[in-house]
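>>> This is a predicted model, with the sequence first.
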Amino acid sequence: MSKRRPYVRSMDGWWKRDAYFVKYMAREVTAVFVAAYAVVLLVGLVRLAQGQAAYEGWLAALKSPLSLVFHLVLLATFVYHTWSWFNIMPKTMPIMFVGGKRVQPGMITGAGLAAAVVACLAVLLIVRGVAS
Amino acid sequence: MKRSNEPIFWSLFGAGGMLAALIGPALVLITGIAVPLGILFPADTMSYAHMLAFAQSWIGKILLLAVIALFMWHAAHRIAILLHDFGVHAVTVVKVVCYGLAFAGTVIAAWTLLGL
Amino acid sequence: MTDTEKVIEIQVLRYRPEQETEPVLQSFKVPFTDDMSVLQGLQYIKDYLDGTVSFRWSCRMAICGSCGMMIDGKPKLSCKTFLREYYPAGLRIEALAHMPIERDLIVDAGDFITKLESIKPYIIPKEPRTLEQGEYLQTPQQRDMYEQFSSCINCMLCYAACPQYGLDKTFTGPGVLALMHRYNADSRDGASAERMDLGYAHEGFWGCTAVGYCSVVCPKGVDPANAINQNKMNSAINYFTRFVTPKGGTK
């Protein structure tokens, strides 16, 4: 009979084992806040369809201190999402060459973050332009 | 080996994640902070008349649906993985609930936009 | 040996299946010099303090891939890690995470080996070639497409770094999937479609959630996270276009 008795270790609480895993979980948890923001917008859309009084109730709710604090938290998590999204981006891209030279991971992350800054500024300026 | 259907959900996850990464911070800043506080933008930026006109235009409908639905599909995919990561191994139940909610949100948004 | 006055505490996770139901830490005081690796520390223990401490090693120069272990919780090659980095605090050594402990620092690598064999980790030529036709030609750029992924030494550090493998043993895992990509991406190879049967499955690339720690711990700079995740886009495109393209993908 075999004397082998391989010991399998538990995975409970694995994400606390390494700072790298904590960072990974922080990236994944941003999704909860993305979902929350989508729900806020969806509620606004439904209220819009229900008429002026309903929609203005939603607008008023956005002005409450609780909502403002909540959206500041949302803003922070969205910025973290943007940062982490483009940080993992080089891993998802095939090996690319520009002018015979391999494109370095830092360049992909940098280009992505630059694109995000440009896109955000564009949205802010367009909304401001259309609204005024 | 059974081919995974993951590409469907992964594509929606990727599209939503990219959209959120590119313009998410600006959207939150506008709708949740600047406009409610009355700073940076005119006071009537998100007034009933303005938003109704926006949601009635085709470009507005497409943008609103894209943001709401894709954000939801992005989040659904990550939350499903998050639950798995935290040790919830009822994979099918988790997926049905997460993707079901994203699907419901998409249908409600599309239905509402088409009715405006 | 001139400078042996320094002594470091090494805690080793022991597991002797015939006498313990679960692993226990055992502490050793090891005199060391600045040029001593963690592996040499273990060899000192085995030679002078406790001959029953079991661990794998062979080359002592980071190419055989035998001596991987958790050193203060991080997957590392013990021959490539130095005791001086842990002085004076001491260090804790455990068997590689996510794999069953066979005995002390030795893990059961059977699952990894089975998976490695399953992806046919060798070049399967597109068509038979005679000696007269000469060697296969490859441009430097064609070589660059796979070269870094070919540096894998099967040390399994990436498996100890991958929570998805730890959570679900049906996942093929970083090292083997990186090798799958290594052969698929080689211009001389023609068996990509065959290998991608596994690649397209949940057990293949889709089991990865892009944690990325595999690429951090890899002692050879293989970057398995990149090898795996760059396949997701291709796999998704193939998934949606397989019915419309003439030679669209597998099944």
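Thanks, I have the structure now. The structure displayed is predicted, hence computed values, not measured ones.

>>> Nearest to chain B: which residue in chain A?
Ranked by Cβ to the nearest Cβ, the top residue of chain A for proximity to chain B is A:His71, at 2.9 Å. For the C-beta atoms, the positions are set from N, CA and C on the backbone; glycine is no exception.

>>> Regarding that residue, what is its secondary structure?
For A:His71, the secondary structure call by DSSP: H, G, I helix; E, B strand; the rest coil comes out as helix.

>>> I'd say it and B:Val28 touch.
Yes: the criterion here is Cβ atoms under 8 Å, and A:His71 meets it with B:Val28 at 5.9 Å.

>>> quick one on the thing from earlier: for the residue lying closest to the residue of chain A closest to chain B once chain neighbours are set aside, what are phi and psi?
Closest residue to A:His71 in three dimensions, ignoring its sequence neighbours and counting by Cβ to Cβ, 6 or more residues apart in numbering or on different chains: B:Gly32, at 2.9 Å. In this entry, B:Gly32 is assigned phi and psi values of phi -100, psi -20 (degrees, to the nearest 10).

>>> just the one 5 residues further on next, same as before
In this entry, B:Leu37 is assigned phi and psi values of phi -80, psi -10 (degrees, to the nearest 10).

>>> residues contacting it?
When contacts are counted by Cβ atoms under 8 Å, 6 or more residues apart in numbering or on different chains, B:Leu37 touches A:63, A:68.

>>> What count of nearby residues applies to the residue of chain B found nearest chain A?
The shortest separation between chain B and chain A is 2.9 Å, found at B:Gly32 (distances taken as Cβ to the nearest Cβ). By the other Cβ atoms under 10 Å in any protein chain shown criterion, the neighbourhood of B:Gly32 contains 23 residues.

>>> show me the contacts for it.
For B:Gly32, the contacting residues are A:37, A:40, A:62, A:67-68, A:70-71, A:74-75, taking Cβ under 8 Å, 6+ apart as the criterion.

>>> Residue 22: which element?
I'll assume chain A. helix A:19-49 (DSSP states H and E).

>>> Now the element after that helix, going C-ward?
Taking DSSP H and E as the definition, the helix or strand that follows helix A:19-49 towards the C-terminus is helix A:52-62.

>>> anything in the lengthiest helix in chain B near chain A?
Taking DSSP state H as the criterion, chain B has its longest helix at helix B:58-85. Yes: judged by Cβ under 8 Å from any Cβ of the partner chain, helix B:58-85 comes into contact with chain A through B:64, B:67-68, B:71-72, B:74-79, B:81-82, B:85.

>>> List just the nearest of those to A:Ala19.
When the residues of helix B:58-85 next to chain A are ranked by distance to A:Ala19 (Cβ to Cβ), B:Asp85 comes first, at 16.1 Å.

>>> The helix or strand bottoming out on mean pLDDT in chain A pairs with which strands?
The helix or strand of chain A with the poorest confidence is strand A:101-102; it has a mean of 86 (mean pLDDT, DSSP states H and E). Based on DSSP bridges, the strands next to strand A:101-102 in the sheet, each with its direction, are strand A:97-98 (antiparallel).

>>> one step back: buried among the contacts of B:Gly32? Make that a PyMOL selection.
To isolate in PyMOL the members of the contacts of B:Gly32 that are buried, counting by 16 or more other Cβ atoms under 10 Å in any protein chain shown, one can use:
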select buried, chain A and resi 37+40+62+67+70+71+74+75
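
>>> For the stretch 151-251 of chain C, which segments are assigned as helices?
Using DSSP state H, counting those that start in this stretch, the helices assigned to the stretch 151-251 of chain C run over residues C:157-161, C:163-167, C:174-184, C:192-199, C:213-217, C:224-241.

>>> Need the winner for burial among the ones you listed.
Highest mean neighbour count among these (mean count of other Cβ atoms under 10 Å in any protein chain shown): helix C:157-161, with a mean of 28.

>>> Give the rounded mean pLDDT of that one.
When pLDDT is averaged along helix C:157-161, the result is 98.

>>> quick one: that helix near chain B?
No: for a cut-off given as Cβ under 8 Å from any Cβ, helix C:157-161 has no contacts with chain B; the smallest distance is 14.7 Å.

>>> Quick one: list the elements packing against that helix.
Other helices and strands packing on helix C:157-161, by 3 or more Cβ pairs under 8 Å, 6 or more residues apart in numbering or on different chains; DSSP states H and E, are strand C:68-71, strand C:74-77, helix C:174-184, helix C:213-217.

>>> Run the chain-centre distance for that helix.
Distance of helix C:157-161 from its chain centroid, counting by Cα atoms, centre = their mean, to the nearest Å, is 6 Å.

>>> next one: stretch C:51-60
With Cα atoms, centre = their mean as the basis, stretch C:51-60 stands 18 Å off its chain's centre.

>>> Show me what C:Val107 is bridged to.
Applying DSSP bridges to C:Val107 yields these beta-bridge partners: C:Ile101.

>>> Can you tell me the element the residue minimising distance to the centre of chain A falls in?
Centroid check for chain A by Cα atoms, centre = their mean gives A:His81 as the closest residue, at 2.9 Å. Assigned by DSSP H and E, A:His81 belongs to helix A:65-92.

>>> Which one of the residues of helix B:58-85 next to chain A is nearest to C:Cys218?
Top of the list for closeness to C:Cys218, among the residues of helix B:58-85 next to chain A and by Cβ to Cβ, is B:Asp85 at 21.8 Å.

>>> Go ahead and confirm that closest one touches C:Pro163.
Yes: the pair formed by B:Asp85 and C:Pro163 meets the contact definition of Cβ under 8 Å, at 6.9 Å.

>>> Need the residues touching each of those two.
Overlap between the contact sets of B:Asp85 and C:Pro163, as judged by Cβ under 8 Å, 6+ apart, is given by A:Trp15.

>>> list the helices and strands the longest helix of chain B packs on?
Under the contact criterion of 3+ Cβ pairs under 8 Å, 6+ apart, helix B:58-85 touches helix A:19-49, helix B:6-28, helix B:48-56, helix B:91-115, helix C:163-167.

>>> Touching the second one from outside, list them.
When you say that, I think you mean helix B:6-28. Helix B:6-28 has contacts (Cβ under 8 Å, 6+ apart) with A:34, A:37, A:71, A:74-75, A:78-79, A:81-82, A:85-86, A:112, A:115-116, A:119-121, A:123-124, B:66-67, B:69-78, B:99, B:102, C:202, C:206, C:232, C:235-236, C:239-240.

>>> quick check: angle from that helix to helix B:58-85?
Between helix B:6-28 and helix B:58-85, the angle formed by their directions is 120 degrees, by axes from the mean of the first three to the mean of the last three Cα atoms, to 10 degrees.

>>> Dump the helices and strands packed on helix B:58-85 to CSV, plus distance to C:Ala97.
Compiled in CSV, the helices and strands packed on helix B:58-85 are given as follows (distance: least, Cβ to Cβ, whole Å):
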stretch, distance to C:Ala97
helix A:19-49, 11
helix B:6-28, 26
helix B:48-56, 52
helix B:91-115, 23
helix C:163-167, 7
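
>>> what about those, which gets the closest to C:Arg103?
C:Arg103 sits nearest to helix C:163-167 of all these, at 20.1 Å, using Cβ to Cβ.

>>> what does that closest one contact?
Contacts with helix C:163-167, where a contact means Cβ under 8 Å, 6+ apart, come from A:11, A:14-15, A:21, B:84-85, B:87, C:97-98, C:159, C:171, C:173-174, C:207-209, C:211, C:213.

>>> switch the cut-off to 7 Å
Surrounding helix C:163-167, the residues in contact under the criterion Cβ atoms under 7 Å, 6 or more residues apart in numbering or on different chains are A:11, A:14, A:21, B:84-85, C:97-98, C:159, C:171, C:173, C:207-209, C:211.
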